[in-house]
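Trainee: Quick one, structure for this:
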Amino acid sequence: MASADDISSMFYDESEKLENLINNATTKSELSLHEIIETYFQIMNVSSMAVILKQQLQADEHKILLDKIIDIERVISEKFNSSIHPQVLKKLTKSIQDSIKNLQSEDSEQKSKEDIENEAKLYEELRQKMSTKEFVEQYDKGLSHD
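Mentor: Numbers count the residues shown, from 1 in each chain. As a prediction, this is how the structure comes out:
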């Protein structure tokens, strides 16, 4: 079993990584699908660690770590859940609608091999966007149960 020092060290490292991802999300106009998934996984990871640590730590012995947990939970709630998450969901929805519209407007007459390959890539991108949106919506459902 890992010691409290190991766990707190890991929590600090993972929290720092999360804060970097959140800062990246606030400065970029659009995140890639990979960045979206990485950010959500990191939030779930840090949130789970926070829940476990809060159950195991005594307030008098681990005040600094408990303060860090409260701080990172505030960052997740105020920066991510209130601002970034709704934007991600909105942009994904619009991107999916645009992709569908683009694919529907494709001329279905004679297509070259290259046209067919490009269309296949567009369908694969659409599938990835829809899968990512489903993942983000699952996170959203979890928020409404808190």
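Trainee: For Asn23, grab the count of nearby residues.
Mentor: The number of residues packed near Asn23 is 12, by other C-beta atoms under 10 Å. For every residue, glycine as well, the C-beta is placed using N, CA and C.
Trainee: Count the residues that sit near Glu35.
Mentor: Other residues within reach of Glu35, judged by other C-beta under 10 Å, total 15.
Trainee: any idea how far Lys94 is from Leu122?
Mentor: Applying C-beta to C-beta, to the nearest Å, one obtains 16 Å for the distance of Lys94 from Leu122.
Trainee: So for these two, which sits in the more crowded spot?
Mentor: Ranked by neighbour count (other C-beta under 10 Å), Lys94 and Leu122 place Leu122 first, with 15 against 10.
Trainee: Least confident secondary structure element in this protein?
Mentor: Sorting the helices and strands of the chain by mean pLDDT, DSSP states H and E puts helix 4-27 at the bottom, at a mean of 90.
Trainee: Flag every buried residue along the helix or strand following that helix.
Mentor: The first helix or strand that comes after helix 4-27 along the chain, using DSSP states H and E, is helix 33-56. Of the residues in helix 33-56, 33, 36-37, 39-40, 42-43, 46-47, 49-50, 53 count as buried by neighbour count, 16 or more other C-beta atoms under 10 Å.
Trainee: for these, which one is nearest Gly142?
Mentor: Within these, proximity to Gly142 (C-beta to C-beta) peaks at Ser47, which comes in at 9.4 Å.
Trainee: Helix or strand for the residue sitting furthest away from the middle of the chain, just tell me which one.
Mentor: Residue distances from the centre of the chain (C-alpha atoms, centre = their mean) peak at Gln110, which lies 40.5 Å from the mean C-alpha position. Gln110 is located outside every helix and strand, with elements delineated by DSSP H and E.
Trainee: ok, for Leu122, nearest residue in space, not its chain neighbours?
Mentor: Of all residues beyond its chain neighbours, the one nearest Leu122 is Leu103 (5.7 Å), with distances taken as C-beta to C-beta, 6 or more residues apart in numbering.
Trainee: Thank you, goodbye.
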